[in-house]
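>>> Okay, sequence plus prediction incoming.
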Amino acid sequence: MNLSGHTFSSGLAATMAVVNILKSGDHIVCSDDIYGGTQRFLRKVSIPNHGLQADFVDLTKLSEVEKAFKPNTKMVWFETPSNPLLKVVDIATVTNIAKKHNPDILVVVDNTFMSPYFQRPLSLGADIVVHSITKYINGHSDVVMGCAITDNDTVQKHLYFQQMAVGAVPSPFDCFLVNRGIKTLHLRMRAHYESALAIAKYLEANERIEKVLYPALPSHPQHEVHKKQTKGMSGMISFYLKGELEQSSTFLSALKVFTLAESLGGYESLAELPSIMTHASVPPEDRAKLGITDNLIRISVGCEDLDDLIADLDQALKSAIPRI
């Protein structure tokens, strides 16, 4: 396996470079739950301006996967776990289904939420892996960068050409910072996982929480798939408050250790409301169908003291929902 990685000026620049391998009239099977920026790029740039076709499908339902392919399907794109609902797609199974329809279909996995420390999609059959290096790989919230990694020679040549032709490449200093940050990736990912698992268990037992979405919990609908293809889990947790927009807003405003922000994967813990932040550009009817409602909170658990993080969540929940 000859791996090649290509860095770009952002995660979306890496996404654009990968999608640019397609031609007008080509079809993409895309997960229905992906980063809002990827949705925006496909729906508002690639489809109307470049003539690409796309269907957004729940790839955790294999019966829907089978029906999604067309004669002109050239790419499958998904995140696992997904953003923000943390759905887990069986990488090997979906890849096998795609290759059965056409061996030349490219399977692309956005692995940003997991980092290479916990999940390696190429070893499970994927053709291309995309990362927002901004997040866990750098880990210090001071760089914007993306990358695309492949073991496909044709794709490698395409990505190299995209770097030269488009010029969306990172600065030397940003590369220096990432080389610094990646040295502690193994330490940081273990810390994120340990704290996030404890917080997910706390939230699941909290009477003010309707539902917790965290693949490492046995209650997660794709828990077994997650265990099969990963070595752990990152600090990403989503959960539904027992409330509506008012309660969500009060909760987020009351947080003191967690910071209200859209990013993830750094030392500091972050919280956000996907319906009006990261996924605001997703059509409202699609958000409603997916379950990206005004009481869905997404948090990125950082490396602060665990007791401080739980205490912060607890006081904010009590502030937002005083009585049960």
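All right, it came through fine.

>>> rest of the way, CA atoms for contacts and neighbours
Noted.

>>> Can you give me the first-to-last residue distance of stretch 169-185?
Using C-alpha to C-alpha, to the nearest Å, one end of stretch 169-185 lies 22 Å from the other.

>>> Quick one: mean pLDDT over it.
Here stretch 169-185 scores 98 as its mean pLDDT.

>>> Which residues belonging to that stretch are considered buried?
Buried positions in stretch 169-185, judged by neighbour count with 16 or more other C-alpha atoms under 10 Å: 169-170, 174, 178, 181-182, 185.

>>> any idea where the helices of the stretch 101-250 of the chain begin and end?
115-118, 153-166, 172-181, 185-204, 223-229, 245-254 (DSSP state H, counting those that start in this stretch).

>>> Identify each buried residue in the fourth one, please.
What that stands for is helix 185-204. 185, 188-197, 199-200, 203-204.

>>> list the helices and strands that helix packs on?
helix 115-118, strand 209-213, strand 236-241, helix 306-320 (3 or more C-alpha pairs under 8 Å, 6 or more residues apart in numbering; DSSP states H and E).

>>> Can you tell me which of the ones you listed is nearest to residue 294?
strand 236-241 (8.8 Å; C-alpha to C-alpha).

>>> Run the chain-centre distance for that closest one.
14 Å (C-alpha atoms, centre = their mean, to the nearest Å).

>>> how about residue 122, what does it touch?
Residue 122 sits next to 128-129, 150-151 when contact means C-alpha atoms under 8 Å, 6 or more residues apart in numbering.

>>> again, 10 Å this time
For residue 122, the contacting residues are 1, 3, 91-92, 107-109, 128-129, 149-151, by C-alpha atoms under 10 Å, 6 or more residues apart in numbering.

>>> go on, residue 323?
Neighbours of residue 323 in contact, by C-alpha under 10 Å, 6+ apart: 207-208.

>>> okay, it: pLDDT?
Here, the pLDDT recorded for residue 323 equals 87.

>>> Spell out the secondary structure type for it.
coil (DSSP: H, G, I helix; E, B strand; the rest coil).

>>> out of the helices of the stretch 101-250 of the chain, nearest to residue 79?
Short answer: helix 115-118, nearest of the helices of the stretch 101-250 of the chain by C-alpha to C-alpha, at 11.7 Å.

>>> could you say what helices and strands that closest one packs with?
Applying 3 or more C-alpha pairs under 10 Å, 6 or more residues apart in numbering; DSSP states H and E, we find helix 115-118 packed against strand 128-132, helix 185-204.

>>> Paired strands for the first one, with orientation please.
What that stands for is strand 128-132. In the sheet, strand 128-132 lines up against strand 106-110 (parallel), strand 146-150 (antiparallel) (DSSP bridges).

>>> Tabulate these (CSV), appending mean pLDDT, mean neighbour count and distance to residue 60.
Formatted as CSV, those follow (pLDDT from 0 to 100; neighbours: other C-alpha atoms under 10 Å; distance: least, C-alpha to C-alpha, whole Å):
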stretch, mean pLDDT, mean neighbour count, distance to residue 60
strand 106-110, 99, 25, 14
strand 146-150, 99, 25, 24
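
>>> Would you reformat these as CSV and include distance to residue 87?
What follows is the strands paired with strand 128-132, written out as CSV (distance: least, C-alpha to C-alpha, whole Å):
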stretch, distance to residue 87
strand 106-110, 13
strand 146-150, 22
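
>>> For the residue nearest to residue 136 when sequence neighbours are not counted, report the pLDDT, please.
Distance criterion C-alpha to C-alpha, 6 or more residues apart in numbering; nearest residue to residue 136, sequence neighbours excluded, is residue 265 at 4.3 Å. Note for residue 265: predicted pLDDT of 98.

>>> now do residue 1
So residue 1 comes in at 61 (pLDDT).

>>> Confirm that residue 2 sits in a strand.
No: counting by three-state DSSP, residue 2 falls outside a strand, being coil.

>>> How much space separates it from residue 122?
11 Å.

>>> Pull up the overlap in contacts between those two.
150-151.

>>> Quick check: residue 30 is in a strand.
Yes: under the criterion used here (three-state DSSP), residue 30 sits inside a strand.

>>> tally of neighbours for it?
When neighbours are counted by other C-alpha atoms under 10 Å, residue 30 registers 23.

>>> and stretch 231-245, how far from the chain's centre?
13 Å.

>>> what mean pLDDT would you report for it?
On average, stretch 231-245 scores 98.

>>> if we can go back for a sec, packed most tightly, which of the helices and strands packed on helix 185-204 would that be?
strand 236-241 (a mean of 24; mean count of other C-alpha atoms under 10 Å).
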